[in-house]
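In: Output the structure for:
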Amino acid sequence: MINDAQSLNMIAARVNSANSKWWLDLETGLPIKRNIGELLMLSVSELSEAMEGHRKNLMDDKLPHRKMFDVEVVDTFIRLFDIAGALIPEFGQIFEEKMKFNSIRKDHTLEARKKADGKKY
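Out: Next comes the predicted model:
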């Protein structure tokens, strides 16, 4: 039986495999080391596009039957799963550990958030 961590690792591997052409040199076809800052900012750009789609209530230009917001959020996940598939072998396990940790964080409780210095968002 496949657990959630394994499922996430499988999705990350699938996305990274589908995007493998972006991890190769255009001239030689050999693997390249990607710029982490560039990869992260490409993810941010997808979120910016999602915000613009939501702000203007736009339909997507590639999938015109879908809201731009929805498609761009999915694009963000594709970018992040690609990064995870290439660079974070234990992505699923780390996800599960972080979810467990976040579930017991004192600063995430309603009481803590209501305090003057609490996290409002």
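
In: C-alpha only now, for contacts and for neighbours.
Out: Will do.

In: so where do the helices sit in the protein?
Out: 4-18, 36-56, 68-87, 91-103, 110-114 (DSSP state H).

In: ok, F69 touching E49?
Out: Yes: contact criterion CA atoms under 8 Å: F69 and E49 qualify, at 7.4 Å.

In: Let me see the confidence value for Y121.
Out: At Y121, the model reports a pLDDT of 88.

In: Pull the number of nearby residues for it.
Out: When counting by other CA atoms under 10 Å, one arrives at 5 neighbours for Y121.

In: Then S103?
Out: 10.

In: Relative to K120, how far out is the nearest residue to D107 once chain neighbours are set aside?
Out: Distances taken as CA to CA, 6 or more residues apart in numbering put R113 closest to D107, at 6.6 Å, once the chain neighbours are dropped. R113 is 6 Å from K120, where distance means CA to CA, to the nearest Å.

In: do M99 as well
Out: Distance, M99 to K120, by CA to CA: 20 Å.

In: D61 too?
Out: For D61 relative to K120 (CA to CA), the value is 35 Å.

In: Likewise for F69?
Out: 24 Å.

In: More neighbours: those two, which one.
Out: Legend: neighbour count by other CA under 10 Å for F69 and K120, higher for F69 (24 against 11).

In: Poorly predicted segments of this protein, please.
Out: Across the chain, nothing is flagged by pLDDT under 70.

In: which residues sit against stretch 74-91?
Out: The contact list for stretch 74-91 (CA atoms under 8 Å, 6 or more residues apart in numbering) reads 5, 8-9, 11-16, 19, 39, 42-44, 46-47.
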